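[1] Sequence and computational prediction follow.
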Amino acid sequence: MDKSSIHFAKGCGQGVREEIMDILDVHNMALSEKYLGMLTDVGVSTNGAFKYLKDGVWKKIQGWMEQTLSTGGKEVLIKSVAQAVPTYSMACFRLPRGLCQHIDGLLRKFWWGSKEGKRKTCWVAWEEMTKPKYLGGIGFRETELFNLALLTRQAWRLLTEPDSLSARVLKAVYFPERGFFGSRT
């Protein structure tokens, strides 16, 4: 229990904090802004909150741009590294559409490359490139659709395992009177 810590929302009063800490026998409060690489408080401004994802993808791609890579090498780097950077955050939050489009744009620019600071011609539409290989595409993930798929998986878990701890906590916080489909959040 000495290694455990608890994080409270900004609006939680000091008396409630102390009472919960006594009940749980946890005496350390987490004050960090990040937990498991994600921000602990997203708030209303989601574009600013998820800027670290855009920066993380850009940092990966920027290091690769200086190297001469084959198309197979670029494909592997995009699929296994660049598209994996935002995966954990996408499983927990719905990312803004503009951020998803920006990340896809970074990946497109890296794929088609540039010469002397000028972008090369894009010979195939991104929609074609996101198709599975057996349908003639390359198999890149469309960021926004992948985000929705991950969140749908979380919803499926809530519906199929209603007695799990996470399902009970989310029900108590977000939809105590109604069912999952009756909630607005």
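    Structure received.
[2] can we go C-alpha only for contacts and neighbour counts from here?
    Will do.
[3] how is this protein carved up into domains?
    As assigned by automatic domain parsing, the chain contains the domains 1-31, 45-182.
[4] burial of D25, as a residue count?
    13 (other C-alpha atoms under 10 Å).
[5] export the domains of the chain to CSV and tack on mean pLDDT?
    Below are the domains of the chain laid out as CSV (pLDDT from 0 to 100):
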stretch, mean pLDDT
domain 1-31, 79
domain 45-182, 85
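[6] Tell me which of the ones you listed sits most buried.
    domain 45-182 (a mean of 14; mean count of other C-alpha atoms under 10 Å).
[7] to the chain's geometric centre, what's the distance from the top helix by length along the chain?
    Assignment by DSSP state H gives helix 143-160 as the longest helix of the chain. Chain-centre distance of helix 143-160: 12 Å, with C-alpha atoms, centre = their mean, to the nearest Å.
[8] orientation of the helix or strand following that helix relative to helix 143-160 in degrees?
    Later in the chain than helix 143-160, the nearest helix or strand by DSSP states H and E is helix 165-174. Put simply, helix 165-174 runs at 100 degrees to helix 143-160, going by axes from the mean of the first three to the mean of the last three C-alpha atoms, to 10 degrees.
[9] re the thing from before, which strands and helices lie in contact with the longest helix of the chain?
    Where contact means 3 or more C-alpha pairs under 8 Å, 6 or more residues apart in numbering; DSSP states H and E, helix 143-160 is packed against helix 87-90, helix 97-112, helix 165-174.
[10] who wins for proximity to F181 among these?
    F181 sits nearest to helix 165-174 of all the helices and strands packed on helix 143-160, at 11.2 Å, using C-alpha to C-alpha.
[11] who does that closest one touch, helix- and strand-wise?
    Short answer (3+ C-alpha pairs under 8 Å, 6+ apart): helix 165-174 packs on helix 143-160.
[12] Which residues outside the helix it packs on are in contact with it?
    If you take C-alpha atoms under 8 Å, 6 or more residues apart in numbering as the criterion, helix 143-160 is touched by 83, 87, 90-95, 97, 100-101, 103-104, 164, 166-167, 180.
[13] about what we covered before: go through the helices and strands packed on helix 143-160 and name the closest to V16.
    Here helix 165-174 is closest among those (C-alpha to C-alpha), at 16.0 Å.
[14] how far is the closest one from where the chain is centred?
    21 Å.
[15] for stretch 169-180, same thing?
    Counting by C-alpha atoms, centre = their mean, stretch 169-180 comes out at 23 Å from the chain centroid.
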